[in-house]
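**Student:** let me see the structure of the following:
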Amino acid sequence: MSDMRGGPDDEFRTFIVGAWPWMLRTAYLLTGDQHAAEDLAQSAAERTCAAWSKVRRADDPHSYVRRIMVNQQARRWRRRPPEVLVEAVPDAAGAEDGYARSDQRRVLMAALAALPARQRQAVVLRHWEDLSDSQAAAAMGCSTGAVRSHAAKGIAKLRETPGLRESKDMIRIGGAV
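**Tutor:** Residues are numbered from 1 along each chain as shown. This next block holds a predicted model:
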């Protein structure tokens, strides 16, 4: 039976419900695959629950969860070779998935998925999540210089992608492309 006074379980539940869309979006950007993103977000939610007493006392709980997700994705990347990407995203039973609304977005997602893990993390955290170099460095567990280097290399590779070069707003990554 649950505690009616609004204890830690209720705080955790409220936090996760509010953070879930952000977690799923960030996980998708880190993994490049909807199913892997759902797994990563769920796994991060489990770890967040296990460490909730620390997370709830953190200055920025979202940063704590972001770090969990980046670390878990890095572990998964090391354990498994990257998946082979397909030319087109399969239709998910006619459901609109939000990330596949335009051909431009598909090209960008495929290009992002083709980046090495650290470059993808830096680009996602700096340009999609709009974190500062120091916040991204904290999430990635590296120096701010490494974040800047990875992000610059990742953006340069994205700019070389056919189909993205023609777009004037190609590297407005966080906005609607």
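**Student:** ok, now how distant is Arg47 from His62?
**Tutor:** Distance from Arg47 to His62, counting by CB to CB, to the nearest Å: 14 Å. In short, each C-beta sits where N, CA and C put it, glycine included.
**Student:** for Asp39, same thing?
**Tutor:** For Asp39, the distance to His62 - CB to CB - is 20 Å.
**Student:** next: Glu46.
**Tutor:** Distance, Glu46 to His62, using CB to CB: 17 Å.
**Student:** and those two? Which one has more around it.
**Tutor:** His62 (17 against 12; other CB atoms under 10 Å).
**Student:** need the contact list for the closest residue to that one other than its chain neighbours.
**Tutor:** Nearest residue to His62, sequence neighbours excluded (CB to CB, 6 or more residues apart in numbering): Ala19, at 6.5 Å. Shown in contact with Ala19 (CB atoms under 8 Å, 6 or more residues apart in numbering): Pro61, His62, Val65.
**Student:** helix, strand, or coil at the last one?
**Tutor:** When you say that, I think you mean Val65. helix (DSSP: H, G, I helix; E, B strand; the rest coil).
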